[in-house]
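Colleague: Output the structure for:
(one chain, ligands or ions: 1)
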Amino acid sequence: LFGEVPQATPVAVFKLSNDFKDDPNPMKVNLGVGAYRTDEGQPWVLPVVKKVEKLIVADNRLNHEYLPILGLPEFRSSASKIALGEDSPAIQENRVGAVQCLGGTGALKMGAEFLRRWYNGNDNMKTPVYVSAPTWENHNSVFANAGFKDVRPYKYWDAEKRGLDLAGFLGDLETAPKHSIFVLHACAHNPTGTDPTHVEWMQVAEVMERRKLFVFFDSAYQGFASGCLDKDAWAVRYFVTQGFEMFCAQSFSKNFGLYNERVGNLTIVARDADNVRRVLSQMEKIVRVTWSNPPSQGARLVAITLNTAELFAEWKDNVKTMADRVLLMRASLQAKLQALGTPGTWDHITQQIGMFSFTGLNRVYTHTHTHTHTHLLSHHIRCCYCLLSVLLPGDSLYLYVQYQSN
Ligand code: PLP
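Modeller: Have a look, this model is predicted:
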């Protein structure tokens, strides 16, 4: 029955984690997966999460009944509120809706499925979807799998200057067909760690508004870039103030450390309450045939935290602890590279933000400098904040790096 099924290629980042687990080398460090690690190289369960988990277990009123199709109402509203801000004009005007989704990936999927069915008339399969070059590799597949036939890259990264290719980015916005969908990283761009400045975001918004392009934010790292939720949501909030109707996929995997609970939210900003109502009614249909209704544990945990003043404050503190460590690791890595007299300039390590860094290392350089490595497949390697702990013992590296196809 299944004799003709071809073997699919493994998902690179998960394959890498498995290879890493199987490797007996005591010097190994996994720089592939985008998950926070402590000084000991271990996952971190946020103290606030532990606290709220206890509250949930002790609460006799809770049960395991199905949630509503669109998810836990108090989770959806509080999640949208941290993306758009307490005083968001769109929230005040009652033109924001939300769907609880399975992680950030689920929120992107839900948005993509809706857009393919209902955005831009009948021919929407041909509507171009633009994703940054490079981007988190799943962006391409999520939109292609939703039925979009034309998923294209937009210029983003200038390898030469190791920074944003603003002219290229704006140029692609200018020439994109009207109504094209643009996936924008809200902050801490994955994998380059390079975001537009406020002025650059304003330029992007101006072109998108003028050319009638659809804004689909992917916000997977709110709080991780700067340690401040409001700062990291600046771009999303700016677009709302400019009157855009848009989507914002939110992930709570990283900023709550709830990777395996699959907590996500799709925030919808529309023209008015009636539009939101109709959009949500169609989203409900899509959820029903996709996951029917979402799981409760992670969403409860996030909702309780966001809706309780002391817990919210504690969470913000926990997020800052993670963000600060990321910044410290960047500075330490840069200092160590410089102290070792490593050829080249390393300012980009501290200029980039968030979990990821485009080191600019190429294959030959890494060979000679690190003595030993595995899985180095491209000129651009992606690594995360724990690099420093790799550099310390004897200055010999044993890198597990993720292949970046763009
Ligand atoms: N978007 C980006 C840019 C990401 O880096 C990730 C995860 O690495 C996601 C979305 C998906 O997040 P989740 O694990 O919540 O599905």
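Colleague: And the next helix or strand past the biggest helix by length in the chain?
Modeller: For the chain, the longest helix by residue count, based on DSSP state H, is helix 309-339. Proceeding N to C from helix 309-339, the next assigned helix or strand is helix 347-351, under DSSP states H and E.
Colleague: Show me the strands in the stretch 251-400 of the chain, by range?
Modeller: Taking DSSP state E, counting those that start in this stretch as the test, the strands found in the stretch 251-400 of the chain are 263-269, 357-358, 371-374, 381-383, 397-400.
Colleague: In its sheet, which strands sit next to the shortest one, and in what direction?
Modeller: This points to strand 357-358. Using DSSP bridges, strand 357-358 pairs in its sheet with strand 381-383 (antiparallel).
Colleague: Could you pull up the mean pLDDT of the partner strand?
Modeller: The pLDDT scores in strand 381-383 average 37.
Colleague: Could you shift the numbering so residue one becomes 591, and keep it that way?
Modeller: OK, 591 is where the count begins now, so the last one is strand 971-973.
Colleague: picking up where we left off before, and the longest helix of the chain, how far out from the chain middle?
Modeller: 18 Å (Cα atoms, centre = their mean, to the nearest Å).
Colleague: Enumerate the positions of it that are buried.
Modeller: Residues of helix 899-929 classed as buried by neighbour count (16 or more other Cβ atoms under 10 Å): 901-902, 904-906, 908-913, 915-917, 919-920, 922-924, 926-927. Where C-beta positions appear, they are placed from N, C-alpha and C, glycine not excepted.
Colleague: Stretch 684-702: how far from the chain's middle?
Modeller: 13 Å.
Colleague: got the buried residues for it?
Modeller: So stretch 684-702, judged by 16+ other Cβ under 10 Å, has buried residues 685-702.
Colleague: How about stretch 761-770?
Modeller: 762, 763, 766, 770.
Colleague: same question, stretch 878-886
Modeller: 881, 883, 884, 885, 886.
Colleague: Show me what the nearest residue to residue 738 once chain neighbours are set aside is bridged to.
Modeller: Of all residues not flanking residue 738 in the chain, residue 719 sits nearest, at 4.9 Å (Cβ to Cβ, 6 or more residues apart in numbering). Assessed by DSSP bridges, residue 719 has beta-bridge partners residue 741, residue 771.
Colleague: Identify the residues contacting residue 719.
Modeller: Applying Cβ atoms under 8 Å, 6 or more residues apart in numbering to residue 719 gives the contacts 702, 733, 738, 740, 741, 742, 770, 771, 772, 773.
Colleague: between the residues you listed, which is nearest residue 858?
Modeller: Using Cβ to Cβ, residue 702 comes nearest to residue 858 of the contacts of residue 719, at 13.2 Å.
Colleague: wouldn't that closest one be in contact with residue 734 here?
Modeller: No - in this structure residue 702 lies outside contact range of residue 734 using Cβ atoms under 8 Å: 9.1 Å.
Colleague: Could I get the buried residue list for whichever helix or strand residue 733 is part of?
Modeller: Taking DSSP H and E as the criterion, residue 733 maps to helix 728-735. Neighbour counts over helix 728-735 (16+ other Cβ under 10 Å) mark 728, 729, 730, 732, 733 as buried.
Colleague: quick check, it touching the ligand?
Modeller: No - Helix 728-735 is not in contact with the ligand by Cβ under 6 Å from any ligand atom; minimum separation 6.8 Å.
Colleague: Packing partners of that helix?
Modeller: helix 693-708, strand 719-723, strand 741-745, strand 771-775 (3 or more Cβ pairs under 8 Å, 6 or more residues apart in numbering; DSSP states H and E).
Colleague: That helix: how far from the chain's middle?
Modeller: Distance, centroid of helix 728-735 to centroid of chain: 14 Å (Cα atoms, centre = their mean).
Colleague: Give me the angle between it and strand 771-775.
Modeller: 150 degrees (axes from the mean of the first three to the mean of the last three Cα atoms, to 10 degrees).
Colleague: circling back to that earlier point, within reach of the ligand, which of the buried residues of stretch 684-702 are there?
Modeller: Restricting these to those near the ligand - Cβ under 6 Å from any ligand atom - leaves 693, 694, 695.
Colleague: thought the second one was touching residue 852?
Modeller: By that I understand residue 694. No - applying Cβ under 8 Å, one finds residue 694 not in contact with residue 852, separated by 9.3 Å.
Colleague: what is in contact with these two at once?
Modeller: residue 843.
Colleague: The ligand contacts on this protein?
Modeller: Residues of the chain lying near the ligand (Cβ under 6 Å from any ligand atom): 624, 693, 694, 695, 726, 775, 780, 808, 810, 841, 843, 854.
Colleague: In space, what's closest to the third one - neighbours in sequence excluded?
Modeller: Nearest residue to residue 694 in three dimensions, chain neighbours excluded: residue 841, at 2.7 Å (Cβ to Cβ, 6+ apart).
Colleague: same question, the first one
Modeller: Beyond its immediate neighbours in the sequence, the residue positioned closest to residue 624 (Cβ to Cβ, 6+ apart) is residue 945, lying 5.1 Å away.
Colleague: Report the separation between that neighbour and residue 694.
Modeller: To residue 694, residue 945 is 13 Å away according to Cβ to Cβ, to the nearest Å.
Colleague: Now do the helix holding residue 733 against strand 719-723, angle only.
Modeller: For helix 728-735 against strand 719-723, the angle by the same axes, to 10 degrees is 160 degrees.
Colleague: same question for helix 728-735, mean pLDDT?
Modeller: 97.
Colleague: can you list contacts of that helix?
Modeller: So helix 728-735 is contacted by 695, 698, 699, 702, 719, 721, 741, 771, 773, 808 (Cβ under 8 Å, 6+ apart).
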